[in-house]
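> I would like the atomic coordinates for the input below:
(one chain, ligands or ions: 1)
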Amino acid sequence: MELTRNEDSISRRISAMCQRVRNAKEAGIYFYNMPITELRGGARVQVNGREMGMYASYSYLGLIGHPRINAAATAAVDEYGSGTHGVRSLAGSLDIHRELEATIAEFQGGEAAITFSSGYVTNLSVVSTLVGRHDVVFSDKLNHASIVDGCLLSGAKFVRFRHRDTSDLEAKLKREKDSTSKLIVSDAVFSMDGDIADLPKLVELCQAHGAWLMIDEAHSIGVLGKTGRGIEEHFGLEGAIDIKMGTLSKTIPSVGGYVAGSSDLIEFIRHRSRAYIFSAALPPAQVAASLASFQVIRDEPWRVEKVQDNAVQFIDGLKARGFNTLETETPIVPILCGSDELAFYVTREVHQEDVFVLPVVSPAVQEGQARLRATVTAAHEPHEIDEAMDVISRAGRAVGLVGDPA
Ligand SMILES: Cc1ncc(COP(=O)(O)O)c(C=O)c1O
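The predicted model follows:
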């Protein structure tokens with residue numbers, strides 16, 4: 001029997017998703033892709049014509065709109081134009097690309113660095129460039145989707161270990177002891193939970209089992225360590241990671257991704273990564289904005305201290321108000337709700353009082369683990385954080401998630 005296009009599984013998938021979105025919109029519990037018209041330095045935003053406190057931003061150091069960064073981006077457009085008309089390997093490499101890569105290498109403590117057009121593409125391409133069919137890649141179960149996709153694309157044996165469970169990883173490494181090449185990949189700070197990878201133990205296991213270590217610093221640059229240099233600085237383990245990946249889209253208010261490591265590693269990736277060889281270079285404005293951001297992080301060290309203090313205030317305050325914030329130690333603060341519905345209802349209540357925070361539901365997190373994924377940044381003042389927590393608390397009580405304060 002022939003299938004018509006209306007009956008095939010592609011059509012069914014499309015209509016099931018559209019129906020789910022329509023239902024959520026009709027019930028007033030669809031919060032995604034909301035039009036933001038003003039970012040106002042990161043602490044406040046204009047959403048659908050309403051000014052709201054921003055608690056969903058990854059601009060951890062509050063650098064969006066920083067005058068030095070904006071000026072650098074504008075000057076780059078004046079000097080080079082808006083694009084590079086090609087891939088880096090051919091006519092697309094500018095002097096500022098090299099300058100940015102040298103700056104990243106220095107900041108991350110690597111010999112060299114290479115940039116890509118997004119963080120997602122960086123993970124996808126770097127993992128699949130480094131490992132292949134006869135290798136094994138070990139990945140934390142809660143690693144970012146871009147790492148998972150890189151592992152799948154690589155064709156390597158894909159072994160997932162329980163979240164931050166280094167005993168499970170060790171057992172799995174032992175099982176693969178005969179394989180020639182092994183790569184362990186982990187987020188530094190987990191994007192949905194805010195907890196930190198056990199770097200000392202990962203390094204120890206890599207040494208014991210002859211494995212390479214790749215760490216995704218998307219949420220740790222500017223956030224961990226006294227000067228914001230990330231997870232190595234946090235644990236005092238400078239130079240311990242072989243492959244340090246990061247993005248230019250969160251703490252750095254631009255777009256793009258990068259990897260830092262040894263000169264040979266970077267040279268290899270520059271000549272083997274398909275995303276580098278076959279995709280256009282980062283545009284000049286984004287490169288210049290990124291360069292200026294690293295300079296600002298160096299020149300304004302108070303920002304790192306402030307985001308760390310704000311995270312402590314936010315986590316402690318929410319716990320005191322009865323919320324479960326899992327194991328977070330960083331500005332990413334999950335506020336556990338349980339069911340998807342409860343997460344949507346809390347969000348709706350919170351939005352009514354002009355606090356902008358978003359729910360994360362299945363399948364992005366395990367069923368029953370739906371949450372608000374709230375963040376604080378260096379742009380927030382302590383009194384604003386207190387007010388936002390009171391709003392979240394009222395919402396939590398209204399839907400029965402937490403009880404009345406003692
Ligand atoms: C841990 C992690 N890695 C990589 C990425 C991808 O980075 P980008 O958004 O710059 O493509 C993200 C983005 O959310 C992330 O959270």
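
> read off the pLDDT value for residue 59.
The score at residue 59 is 96. That number is its pLDDT.

> so what's it up against?
Neighbour list for residue 59: 42, 250, 251, 253, 377, 379 [criterion: CB atoms under 8 Å, 6 or more residues apart in numbering]. Using the backbone N, CA and C atoms, a C-beta is placed for each residue, glycine as well.

> show the buried residues in the residues you listed.
Buried subset of the contacts of residue 59 (neighbour count, 16 or more other CB atoms under 10 Å): 42, 250, 251, 253, 377, 379.

> look up how far residue 179 lies from the last one.
This means residue 379. Residue 379 is 46 Å from residue 179, where distance means CB to CB, to the nearest Å.

> show me which residues of the stretch 1-150 of the chain are close to the ligand?
118, 119, 120, 123, 144, 146 (CB under 6 Å from any ligand atom).

> and residue 214, which of the three is it?
Look at residue 214: counting by DSSP: H, G, I helix; E, B strand; the rest coil, its state is strand.

> counting neighbours, which bits of stretch 121-135 end up buried?
121, 122, 123, 124, 125, 126, 127, 128, 129, 130, 131, 135.

> now, which of the residues you listed sits nearest residue 281?
Using CB to CB, residue 121 is the member of the buried residues of stretch 121-135 that lies nearest residue 281, at 12.4 Å.

> who's in contact with that closest one?
146, 257, 275, 279.

> now, which of the residues you listed lie within helices?
Among the contacts of residue 121, the members found in helices (DSSP state H) are 146, 275.

> which of the contacts of residue 121 has the most neighbours?
Greatest neighbour count in the contacts of residue 121, by other CB atoms under 10 Å, goes to residue 257: 27 neighbours.

> identify the residues contacting stretch 366-375?
Taking CB under 8 Å, 6+ apart as the rule, stretch 366-375 contacts 55-58, 60, 192, 314, 331-340, 342-343, 346-347, 350, 357-362, 365, 392.

> which of those count as buried?
55-58, 60, 192, 314, 331-337, 340, 342-343, 346-347, 350, 357-361, 365, 392.

> sorry, back to before: tabulate the buried ones among the contacts of residue 59 (TSV), appending distance to residue 84.
Below are the buried ones among the contacts of residue 59 laid out as TSV (distance: CB to CB, whole Å):
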residue	distance to residue 84
42	28
250	23
251	24
253	20
377	31
379	31
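
> just give me the least confident of those residues.
residue 42 (79).

> centroid residue for this structure?
residue 218 (4.3 Å; CA atoms, centre = their mean).

> quick check: the gap between it and residue 189.
Relative to residue 189, and taking CB to CB, residue 218 is found at 8 Å.

> surely residue 247 and residue 257 touch.
Yes: using CB atoms under 8 Å, residue 247 is in contact with residue 257, at 4.9 Å.

> number of residues surrounding residue 278?
Neighbours of residue 278 (other CB under 10 Å): 10.

> give me the phi and psi for the nearest residue to it once chain neighbours are set aside.
When the adjacent residues along the chain are set aside, residue 278 lies closest to residue 87, with 6.6 Å between them (CB to CB, 6 or more residues apart in numbering). Backbone torsions for residue 87, taken as degrees, to the nearest 10, come to phi -80, psi 160.

> what residues are up against residue 87?
Contacts of residue 87 by CB under 8 Å, 6+ apart are 276, 277, 278, 279, 280, 281.

> what's the nearest residue to the second one if we skip its chain neighbours?
Same thing as residue 277. Closest residue to residue 277 apart from its sequence neighbours, by CB to CB, 6+ apart: residue 89 at 5.5 Å.

> for the one you found, which three-state class applies?
Classified using three-state DSSP, residue 89 is helix.

> so where do the helices sit in this protein?
Under DSSP H, the chain gives helices at 9-26, 67-80, 95-108, 119-130, 145-154, 166-175, 199-209, 231-235, 263-272, 274-277, 284-299, 302-320, 340-352, 382-398.

> out of these, which is the most enclosed?
helix 119-130 (a mean of 25; mean count of other CB atoms under 10 Å).

> with respect to the ligand, which of the residues of the stretch 1-150 of the chain next to the ligand is nearest?
residue 119 (2.3 Å; CB to the nearest ligand atom).

> residues in contact with the closest one?
Here residue 119 is in contact with 146, 218, 245, 246, 247, 248, 249, 256, 257 (CB under 8 Å, 6+ apart).

> please redo it, this time with the cut-off set to 6 Å
Going by CB atoms under 6 Å, 6 or more residues apart in numbering, residue 119 touches 218, 247, 249, 257.

> how close does residue 140 sit to residue 186?
From residue 140 across to residue 186, the span is 5 Å (CB to CB).

> swap in residue 81?
Counting by CB to CB, the gap from residue 81 to residue 186 is 39 Å.

> give me the more crowded residue out of these two.
Each of residue 81 and residue 186 has its neighbours counted (other CB under 10 Å); residue 186 has more, 26 against 12.

> correct me, but the more buried one touches residue 139?
No: judged on CB atoms under 6 Å, residue 186 makes no contact with residue 139 at a distance of 7.5 Å.

> now the contacts of residue 87 in JSON lines, with distance to the ligand and pLDDT?
Shown next, in JSON lines, are those (distance: CB to the nearest ligand atom, whole Å; pLDDT from 0 to 100):
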{"residue": "276", "distance to the ligand": "15", "pLDDT": "97"}
{"residue": "277", "distance to the ligand": "19", "pLDDT": "96"}
{"residue": "278", "distance to the ligand": "18", "pLDDT": "95"}
{"residue": "279", "distance to the ligand": "13", "pLDDT": "95"}
{"residue": "280", "distance to the ligand": "15", "pLDDT": "93"}
{"residue": "281", "distance to the ligand": "16", "pLDDT": "94"}
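
> closest to residue 21 out of those?
residue 279 (30.1 Å).

> list the contacts of the closest one.
If you count contacts by CB under 6 Å, 6+ apart, then residue 279 has residue 117 around it.

> need phi/psi at it.
According to degrees, to the nearest 10, the main-chain angles of residue 279 amount to phi -140, psi 150.

> distance-wise, check it relative to residue 32.
27 Å.

> just residue 399 next, same as before
With CB to CB as the criterion, residue 399 and residue 32 are 20 Å apart.

> what is the least confident helix or strand in this structure?
strand 36-38 (a mean of 87; mean pLDDT, DSSP states H and E).
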